[in-house]
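Colleague: Give me coordinates for this.
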Amino acid sequence: MKHSHHNFGQKYISTKRLITKSKSSQSNIHQASNMKLLSSTAILSSSLNLALAQSLRRSLMPQSSSNYEIVGTPQVSEISRTMPAGYSITFTNRWTEENHPYEYPFMAHWSDFVYASHSANYQMWCNGCLASAGVESIAEEGQTGTLIEEIEDERGKGSVLDQVLGLFIPRATDGSASSPRKDLCVDESHPYVSAISMIAPTPDWFSGLYDLRLWDQSTKNWYEKIELNVYAWDAGTEEGNGYSLDNIETDPQEEISPFVAGTTAAAVFVSVGSGGFEVKPVATLTFELQESSSKCDN
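Modeller: Residues are numbered from 1 along each chain as shown. This next block holds a predicted model:
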């Protein structure tokens with residue numbers, strides 16, 4: 001599979017900020033026209049349409065006890081979880097027009113990726129939780145700074161061991177990928193991994209995973225390699241039922257929830273499979289043990 005390669009000298013700028021900048025350069029006539037259109041749209045939005053959209057996107061995923069789906073059988077190493085270890089990470093895009101045909105956006109891309117290794121005392125995000133300011137910033141604008149500050153604060157408390165950043169994917173073609181330049185360190189006290197990136201352009205939608213344990217329960221050894229499908233989530237912080245930006249704030253803030261298939265294919269992330277309507281994964285995450293990680297062995 002051919003993966004895209006990115007220049008780490010590039011910096012992610014959210015589509016929302018680019019659009020805002022473009023709007024500021026337009027004429028006053030265009031600004032007034034846009035404001036009038038937005039106002040009309042808001043008036044026409046009925047509570048019935050909002051309730052229908054929420055029923056389509058907010059429910060439990062098929063694997064209700066998990067926020068990801070393991071692909072195949074994970075490979076288990078001979079290295080005990082009592083030894084510190086490092087993992088390389090690869091995020092591979094599966095969010096495509098073929099897999100998710102409804103209103104698939106022209107400028108489909110991913111923001112920068114944040115990964116953290118942690119103990120059971122840290123929660124980056126979860127199904128049914130309220131998004132933190134850092135998660136909201138990524139989900140709405142793809143900006144990582146606030147979440148990194150939150151992670152560093154938790155590192156000072158001992159609940160987070162390490163965090164790494166993966167570069168954004170500027171074009172979400174099938175198989176396009178992103179990998180952090182550094183391994184993510186884990187140890188016996190911090191065996192869990194959580195991750196997040198914005199699905200863009202969208203109101204407040206993202207993907208990733210939370211609380212993935214990187215050691216095998218039967219052997220108590222680190223996984224050699226584990227691959228997982230991940231899905232689309234709604235942060236519950238901004239309104240909008242399609243691939244749109246600059247939407248009104250959700251007030252009061254709602255819980256983080258996954259997108260699921262309803263009774264129609266006319267919904268984002270929904271496609272028609274052999275068993276009927278379904279929500280396919282938007283990406284695959286692969287974690288591979290690096291037995292000689294200079295960063296994590298010390």
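Colleague: The most centrally placed residue in the chain: what's it in contact with?
Modeller: Nearest to the geometric centre of the chain sits S207, at 2.1 Å (CA atoms, centre = their mean). When contacts are counted by CB atoms under 8 Å, 6 or more residues apart in numbering, S207 touches W95, I196, S197, I199, V230, Y231, A232, W233, V282, A283. (Each C-beta comes from the backbone N, C-alpha and C, glycine too.)
Colleague: Can you point out the buried residues in the helix or strand that contains it?
Modeller: Following DSSP states H and E, one finds S207 within strand 205-213. Neighbour counts over strand 205-213 (16 or more other CB atoms under 10 Å) mark W205, F206, S207, G208, L209, Y210, D211, L212 as buried.
Colleague: Can you pull out the low-pLDDT segments for the stretch 1-150 of the chain?
Modeller: The stretch 1-150 of the chain contains residues with pLDDT under 70 at 1-65.
Colleague: go again using 50 as the cut-off
Modeller: 1-9, 19-65 (pLDDT under 50).
Colleague: how far away is the residue nearest to S189 when sequence neighbours are not counted from K157?
Modeller: Using CB to CB, 6 or more residues apart in numbering and skipping the chain neighbours, the partner closest in space to S189 is S119 (5.6 Å). Distance check for S119 against K157: by CB to CB, to the nearest Å, it reads 10 Å.
Colleague: Show me which of these two is the more surrounded one.
Modeller: S119 (17 against 10; other CB atoms under 10 Å).
Colleague: Contact partners for the more buried one?
Modeller: Residues in contact with S119 (CB under 8 Å, 6+ apart) are G158, S159, V160, L161, S189, H190, P191, Y192.
Colleague: Just those residues: which are in strands?
Modeller: V160, L161, Y192 (DSSP state E).
Colleague: how close does the first one sit to P281?
Modeller: When CB to CB is applied, the distance between V160 and P281 equals 26 Å.
Colleague: try A172
Modeller: On the measure of CB to CB, A172 and P281 end up 13 Å apart.
Colleague: Compare these two (neighbour count), which wins?
Modeller: Neighbours per residue, other CB under 10 Å: of A172 and P281, the larger number sits with A172, 23 against 20.
Colleague: wait, isn't that one in contact with E97?
Modeller: No. Using CB atoms under 8 Å, A172 is not in contact with E97, being 9.5 Å away.
Colleague: any chance you could map the helices in this structure?
Modeller: Applying DSSP state H to the chain gives helices spanning 15-24, 28-44, 47-57, 133-141, 145-157.
Colleague: F269 is in contact with A232, isn't it?
Modeller: Yes. In this structure, F269 is within contact of A232 by CB under 8 Å, at 4.8 Å.
Colleague: Local confidence estimate at S292?
Modeller: For S292, the pLDDT comes out at 73.
Colleague: Burial check on it, number of neighbours?
Modeller: Residues within reach of S292, counting by other CB under 10 Å, total 7.
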